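A.B. asks: here you go, sequence then predicted model.
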Amino acid sequence: MKNKQIAIVTLMSILLFALLTGLTIAGADSESANAGEVTYIIADPTGDWGYPSPHGHYPRGPGYLRMSYIFDTLLWKDRQGFVPALATDWEYLEDENAFLFHLRKDVTWHDGDKFTADDVAFTFNYVKEHPSWWVDLKSVERTEVLDEYTVKIYLTERYAPFLSDVAGALAIIPKHIWQDVETPNEFTEPEALIGTGPYKLVDYSKTHGTYLYEANKDYYLRKPDIDRLQFVKISEEMAPTALMRKEVAAAGILPETVEEVRGKGFVILNQSGNWNAKLMINHEKEPMSSKVFRHALAYAINRTELVAIGVRGHAIKGSPGLLAPISPYYNQDIIKYEYNPERAKDILESMGYQLKDDGYYWRDGEILELELITAPRMGFERIAEIIARQLEGVGIKVNVRSLESKTLDYRVMNRQFDLAISGHGGIGGDPLILNKVILGKFGYSANYTKNDTLNQLLEAHLHEMDQEKRNEIVREIQKIYAEELPALTLYYPTWYWGHDSSVDLYYTLGGVASGIPIPLNKLAFMDYKCDLAAPVPTATSAPTPAATETPVPGFELVISILALTTIAYLLKRRRND
């Protein structure tokens, strides 16, 4: 009898705990933000782009954007071009080959300390010692502080992309925090995220791929209208549904969903030519190390079919010179490698390959077999299958393997591949991008330095201040690059973004910073159109969590019902006894 009473008391305690827990959770949700605050939620299929410090984020556009909400640069770009940021104005002093910047006097760091010219000079010196992928400071000789709010930056030689790719891309960091940091990529203390930008990071989950920012009420331009900015991980396939359900306010969407999303009243943004999907070729490995073999690959791939079938027409056919036809630097007078499978076979046979009865080419007793790695994003798996079929059609055996995107980047960077489907943005900005994606050592760079003339031209255009002469150099770079073919641009996809129009999103002229073609410029979040008929998600209407975060529906209710049922059963047993 006593044991039964103990059991009843225990179960009633469980019931009470469950009910209180439910009330506590509900209370926490409703009080997560002050009344009237707006949270703008953005879907992202990848999720984690690294710790959003200047040295901690993943070196791709979304990683830079996550960081840019926290840290400012000397100048920035909006939809029309350069605008002041930490600098109010600037000028190029030709006689001294230096840039003079006058700085704002009303800026404080997120911790309340005053921003001064010492922070700018420190940043330049620090990044010269600890290089950043985004900014090349080899052209900077020294930085001189003239007074508390004036700084002069001397160059070693003329540097054409200085404003766009240095002054407009280098995140200024606080000297009082970073001066003792020796390993910046490992610096993940809370102080690492103290900037001057419009937002502060309040939560980041690497596991779940989520970021939550809150507005900097002391921002020098003014407090942003969007109180909280949130990124949540949602797959490409589910993003349109999340958008139409108003679980998110903005999302990149697949082309085939554009009309449905537009029909629901959402605004559609699109852009082509600033991002290229390309076939990476391991030119350090036989037989891809042979330039003529790379030519055979190009003739065997039907890029027109890739556009028509692989991406259903939502792209521009790729140029072997890398830059798109919409670029002012585009050179149309280069070798095109129009689809010609017979030409591809002729090249292979000129290299000593023989076509056997199995339908594949052989040489020296070995079958011509390549591995093509791809990633499950942006339709790349479908593209890989089409390319594999096209190469098999000319006698090259191809094994397709799909990898996680960052694993693919790692394998390409470390030359652990034959062929790979990859891509990058930035080609709509300054042609400095050519230096990064031809000579660079990143997962989407060709890392190609075998042609001395190409190397010299890549250096020369950086220092040519005459625009027409620079255009001529860049056109010649494209011609040589196409002949060397360390990688083959397949197409320039058309990107689509859907949003609820509560924020006026836009594609930045020339791309964010050094050319990032994503319509999430931080200046867009300064204004909120609160008179919309359909409200955007707010802090009290959070998005559907990722599968790994989703709580069991009605968990507290289920526990309560089970407890009540058990109590009723024991009470009945007690009466019977």
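C.D. replies: Happy to help now that I have it.
A.B. asks: from Asp180, how far off is the residue lying closest to Val512 once chain neighbours are set aside?
C.D. replies: Spatial nearest neighbour of Val512, chain neighbours left out: Asn521 (5.6 Å); criterion: Cβ to Cβ, 6 or more residues apart in numbering. C-betas here are computed from N, CA, C, even on glycine. Distance, Asn521 to Asp180, by Cβ to Cβ, to the nearest Å: 33 Å.
A.B. asks: re earlier: quick check on the residue nearest to Val512: phi, psi?
C.D. replies: When read as degrees, to the nearest 10, the backbone of Asn521 gives phi -60, psi 130.
A.B. asks: tell me the confidence at it?
C.D. replies: Asn521 carries a pLDDT score of 97 in this model.
A.B. asks: my guess is it contacts Gly511. True?
C.D. replies: No - if you go by Cβ atoms under 8 Å, Asn521 and Gly511 don't touch, sitting 9.7 Å apart.
A.B. asks: so who does Thr304 touch?
C.D. replies: Contacts for Thr304 were tallied using Cβ atoms under 8 Å, 6 or more residues apart in numbering; they are Lys317, Tyr339.
A.B. asks: surely it forms part of a helix?
C.D. replies: Yes - under DSSP: H, G, I helix; E, B strand; the rest coil, Thr304 falls within a helix.
A.B. asks: how close does Phe162 sit to Asp227?
C.D. replies: For Phe162 relative to Asp227 (Cβ to Cβ), the value is 36 Å.
A.B. asks: how about Val512?
C.D. replies: Taken as Cβ to Cβ, the span from Val512 to Asp227 is 22 Å.
A.B. asks: which one of those two has more residues nearby?
C.D. replies: Neighbours per residue, other Cβ atoms under 10 Å: of Val512 and Asp227, the larger number sits with Val512, 28 against 22.
A.B. asks: list the contacts for that one?
C.D. replies: Counting by Cβ under 8 Å, 6+ apart, Val512 has contacts Gly61, Tyr64, Leu65, Ser68, Lys77, Ile518, Leu520, Asn521.
A.B. asks: now what about stretch 60-67, what contacts it?
C.D. replies: So stretch 60-67 is contacted by 44, 46, 49-50, 52-54, 56-57, 134, 171, 211, 231, 424-426, 444, 512-513, 516-518, 520, 522 (Cβ under 8 Å, 6+ apart).
A.B. asks: list the contacts for Pro341?
C.D. replies: Taking Cβ under 8 Å, 6+ apart as the definition, contacts of Pro341 comprise Tyr299, Ala300, Gln390, Gly393, Val394.
A.B. asks: distance of it from Asn302?
C.D. replies: 8 Å.
A.B. asks: what touches both of the two?
C.D. replies: With Cβ under 8 Å, 6+ apart as the test, Pro341 and Asn302 both reach Gln390.
A.B. asks: give the buried residues for stretch 494-513.
C.D. replies: For stretch 494-513, burial by neighbour count (16 or more other Cβ atoms under 10 Å) applies to 494-508, 510-513.
A.B. asks: same question for stretch 155-173, mean pLDDT?
C.D. replies: Stretch 155-173 comes out at a mean pLDDT of 96.
A.B. asks: again, but for stretch 282-301
C.D. replies: 97.
A.B. asks: need the residues that contact it.
C.D. replies: Taking Cβ under 8 Å, 6+ apart as the rule, stretch 282-301 contacts 279, 281, 320, 337-341, 343-345, 347-348, 350-351, 368, 387, 390-391, 393-394, 396, 415, 417-419, 446, 448, 450, 483-486, 488, 490.
A.B. asks: can you flag which of those belong to strands?
C.D. replies: Those of these mapping onto strands are Leu279, Ile281, Leu419, Leu488, Leu490, per DSSP state E.
A.B. asks: contacting residues for the last one?
C.D. replies: Neighbouring residues of Leu490 by Cβ under 8 Å, 6+ apart: Asn276, Ala277, Lys278, Leu279, Ile301, Arg303, Leu306, Gly318, Ile383, Ile421.
A.B. asks: closest to Tyr154 out of those residues?
C.D. replies: Asn276 (35.2 Å; Cβ to Cβ).
A.B. asks: doesn't that closest one belong to a helix?
C.D. replies: No - per three-state DSSP, Asn276 lies outside any helix segment and is strand.
A.B. asks: can you get me a residue count around it?
C.D. replies: 27.
A.B. asks: hmm, it is touching Ala487, no?
C.D. replies: No - applying Cβ under 8 Å as the test, Asn276 and Ala487 come out as separate, 9.4 Å apart.
A.B. asks: need the overlap of contacts for these two.
C.D. replies: Contacts common to Asn276 and Ala487, judged by Cβ under 8 Å, 6+ apart, are Leu322.
A.B. asks: what residue ranges in the stretch 51-200 of the chain score low on pLDDT?
C.D. replies: By pLDDT under 70, the stretch 51-200 of the chain contains no weakly predicted segment.
A.B. asks: what ranges do the helices span in it?
C.D. replies: 61-68, 117-129, 162, 175-178 (DSSP state H, counting those that start in this stretch).
A.B. asks: figure out how far the second one is from the centre of its chain.
C.D. replies: In terms of Cα atoms, centre = their mean, to the nearest Å, the gap separating the centre of helix 117-129 from the centre of its chain is 26 Å.
A.B. asks: list the contacts of it.
C.D. replies: Taking Cβ under 8 Å, 6+ apart as the rule, helix 117-129 contacts 74, 86, 101, 103, 135, 137, 140, 143-151, 153, 170-175, 178-179, 184.
A.B. asks: so where's the stretch 251-400 of the chain uncertain?
C.D. replies: Scanning the stretch 251-400 of the chain residue by residue, none of them satisfies pLDDT under 70.
A.B. asks: in which helix or strand does Leu372 reside?
C.D. replies: Assigned by DSSP states H and E, Leu372 falls within strand 369-374.
A.B. asks: now do that strand: everything it contacts.
C.D. replies: 360, 380-381, 383-384, 387-388, 391, 396-403, 408, 411, 417-421.
A.B. asks: one more pass at 10 Å, please.
C.D. replies: 279-282, 285, 287-288, 297, 360-362, 380-385, 387-388, 391, 396-403, 405, 407-408, 411-412, 416-422 (Cβ atoms under 10 Å, 6 or more residues apart in numbering).
A.B. asks: residues near Asp89, how many?
C.D. replies: 10.
A.B. asks: any figure for the gap between it and His102?
C.D. replies: 5 Å.
A.B. asks: now swap in Arg294 and tell me
C.D. replies: 50 Å.
A.B. asks: related to what we said a few turns ago, for the strand holding Leu372, output the C-alpha coordinates as CSV.
C.D. replies: Coordinates of each C-alpha in strand 369-374 appear next as CSV, following Å, rounded to 0.1, in the frame of the first residue of the first chain:
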residue,chain,number,x,y,z
GLU,A,369,39.7,6.0,-66.7
LEU,A,370,39.0,9.2,-64.6
GLU,A,371,37.2,10.0,-61.4
LEU,A,372,34.8,13.0,-61.5
ILE,A,373,33.9,14.4,-58.1
THR,A,374,31.0,16.6,-57.5
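A.B. asks: note down every partner strand of that strand and its orientation.
C.D. replies: strand 397-402 (parallel), strand 419-425 (parallel) (DSSP bridges).
A.B. asks: out of Asn521 and Asp180, which sits in the more crowded spot?
C.D. replies: Asn521 (23 against 7).
A.B. asks: ok, now which ones touch Leu462?
C.D. replies: So Leu462 contacts 136, 138-139, 157-162, 165, 430-432, 434-435, 470, 473 (Cβ under 10 Å, 6+ apart).
A.B. asks: next up, phi/psi of it, please.
C.D. replies: Dihedral angles (degrees, to the nearest 10) for Leu462: phi -70, psi -30.
A.B. asks: and the pLDDT for it?
C.D. replies: The predicted local confidence for Leu462 is 95.
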